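1. my questions concern the predicted model and sequence given below.
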Amino acid sequence: MANETVFKRYKHNPIITAAAVPTANSIHNSAVVEFGDGYAGIFRIDHQDMRFRLHMGKSKDGFKWSIDPKPIVFKSDDPDVCLRDLTYDPRLLKLEDKYYVTWCNSGAQGPSIGLGYTTDFKEFIQMEDPLPTANRNSVLFPRKINGKYAMYHRPSDRGHTPFGDIFYASSPDLVHWGCHRWVFGAAKSGWQSTKLGPGPNPIETKEGWLLIYHGVWTSCNGYLYYAGGALMDLDKPWKVIARTKDYLLAPSEIYERVGDVPNVVFPSSAVVKGDYLRLYYGCADTCISVAEASIKDIIQFIKTHSF
């Protein structure tokens, strides 16, 4: 029986496997938004050549997906602004009149953050990378804060990053980023004691920004990934109101424990309708699953299970 906190796993998990694209080795750590009369998504697909690429997909209900077998081609007028060797772990949200994508844009110099947008999920425009190497995780806020665009990001190294704290940054134009503020880092012990990083884009609530993040614990068998949650100040999102000492979701099902990278729950996207939150998460770096919860219950859990 799966360990359950406030999240309840979808009974037909996993919802997406490598079978969705003929050349896929695995599909995981992807992003979903509501679009039109259904849903659109940007998917991380690890191909059979073990190169990571971004693909577009659509769905009527958010559970059954049709994914384009051809990778997304981002357009840019600047030849120096381009997709690098590996593109993976996208995040996606609607900001003003565009749907913005952030991803890990990794090349010879290491991982950096990629940024682009679309209005129709047919044409994709790539912008300047907002942050230099080495950085692996980034999520935009769904509105300006104190007159500026904002993001959380997680600096890394050129390897698999045996460390990691979350930082906040702001920008007047989505190109020039600065005013970096430390948000929080790994705990002294437990499931988030090695490193952590932002999961879905921050969700605005009356009690603060809700941030669902991944935390990593190093065991004798390697890294284990969990999902946790934090409430952040609405005006100063680098200030923590409350943060979970207990995890929100842990690898316990067979599809979370067995795969290319075992024992991984990687929260990467959330769809919110009123008080209902549907969390999309990668499982064992192999497939995608869904868990659902009430935002009210998540916030209450964070408050009552905090440091």
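-> Yep, it's here. Residues are numbered from 1 along each chain as shown.

2. nearest spatial neighbour of His305, skipping sequence neighbours?
-> Excluding its sequence neighbours, the residue lying closest to His305 (CB to CB, 6 or more residues apart in numbering) is Asp246, at 4.2 Å. In this view, the C-beta of every residue, glycine as well, is placed from N, C-alpha and C.

3. does the one you found belong to a helix, a strand or coil?
-> coil (DSSP: H, G, I helix; E, B strand; the rest coil).

4. contact partners for it?
-> Going by CB atoms under 8 Å, 6 or more residues apart in numbering, Asp246 touches 5, 301, 305.

5. what of Cys287?
-> Cys287 touches 14, 16-18, 26-28, 255, 259, counting by CB under 8 Å, 6+ apart.

6. of those, which belong to strands?
-> Counted as lying in strands by DSSP state E, out of the contacts of Cys287, are 26-28.

7. related to what we said a few turns ago, among the contacts of Cys287, which one sits closest to Ala40?
-> Ile16 (14.0 Å; CB to CB).

8. all helices of this structure, in order?
-> Secondary structure of the chain (DSSP state H): helices at 254-257, 295-304.

9. what's the mean pLDDT across the last one?
-> Regarding helix 295-304, the rounded mean pLDDT is 97.

10. quick check: buried residues in that helix?
-> Buried residues in helix 295-304, counting neighbours by 16 or more other CB atoms under 10 Å, are found at 295, 298-299, 301-302.

11. now stretch 90-104
-> 90-93, 95, 99-104.

12. same deal with stretch 15-35?
-> Buried, per 16+ other CB under 10 Å, within stretch 15-35: 15-18, 20-21, 24-33, 35.

13. straight-line length of that stretch, end to end?
-> 19 Å (CA to CA, to the nearest Å).

14. again with stretch 164-181
-> Counting by CA to CA, the terminal residues of stretch 164-181 are separated by 14 Å.

15. contacts for that stretch?
-> If you take CB under 8 Å, 6+ apart as the criterion, stretch 164-181 is touched by 115, 127-128, 130-131, 136, 145-156, 182-186, 194-198, 213, 216, 237-238.

16. ok, Pro90 touching Val33?
-> No: Pro90 is beyond contact range of Val33, at 11.0 Å (criterion: CB atoms under 8 Å).

17. would you mind measuring from Arg84 to His47?
-> 15 Å (CB to CB, to the nearest Å).

18. before I go, just wanted to say thanks for your time.
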